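S.K.: give me the fold of what follows.
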Amino acid sequence: MVNELGLLEPGFRQRVEAFLAELMRRRIYVVVIETLRSPERQAYLFATGKTRTPDRSRHLYGLAIDIVPCAEYNGKVTKVAWDSPRWREIGELGEQHGLVWGGRWTTFPDLVHFEAHEGVDDA
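M.R.: Numbers count the residues shown, from 1 in each chain. As a prediction, the model looks like this:
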């Protein structure tokens, strides 16, 4: 699993960085758990039912991130909060920064997932 923002497509990375900065300003602490994904990891996630796309994820191209909210104490993560009541707020902030939020997907909701709009950031 790779979680380095520097591996993201530059235009998308700018949106992500602005989004993450806004979350920090609002004292909503998150951890980036995945950015760029290898084809092997994508195949594994597909085989285990954790994704529905065997080879089309925007993670494969540096155009998606997965994040999870966490508790924060003196700048150090203390506990991830998969069941955070702030998911909607986080998702809406991501959308305000021009990101597609997987939490809106009706067939396979993915709260942790944010990606570039198709054809916008990957030019």
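
S.K.: in stretch 88-104, what counts as buried?
M.R.: Residues of stretch 88-104 classed as buried under the neighbour-count rule (16 or more other CB atoms under 10 Å) are 90-91, 93-94, 97-103. Glycine gets a C-beta too; all of them are placed from N, C-alpha and C.

S.K.: next: stretch 54-69.
M.R.: Applying 16+ other CB under 10 Å to stretch 54-69 flags 57-69 as buried.

S.K.: list the contacts of that stretch.
M.R.: For stretch 54-69, the surrounding residues in contact (CB atoms under 8 Å, 6 or more residues apart in numbering) are 5, 7-9, 12-13, 16, 28-39, 42-43, 46, 51, 80-82, 84, 86-87, 90, 112-116, 121-122.

S.K.: quick one: end-to-end distance for that stretch.
M.R.: Counting by CA to CA, to the nearest Å, you get 27 Å between the two ends of stretch 54-69.

S.K.: what about the helices in this protein?
M.R.: 10-25, 39-47, 87-96 (DSSP state H).

S.K.: quick revisit: show me which of the contacts of stretch 54-69 are buried.
M.R.: Of the contacts of stretch 54-69, these count as buried by 16+ other CB under 10 Å: 8-9, 12-13, 16, 28-30, 32, 34-37, 42, 46, 51, 81, 84, 87, 90, 112-116, 121.

S.K.: that older thread, okay, and which of the contacts of stretch 54-69 map to strands?
M.R.: 30-34, 80, 113-115 (DSSP state E).

S.K.: select the longest strand from the chain.
M.R.: strand 64-73.

S.K.: return the helix or strand in this structure with minimum mean pLDDT.
M.R.: strand 76-80 (a mean of 81; mean pLDDT, DSSP states H and E).

S.K.: no further questions, thank you.
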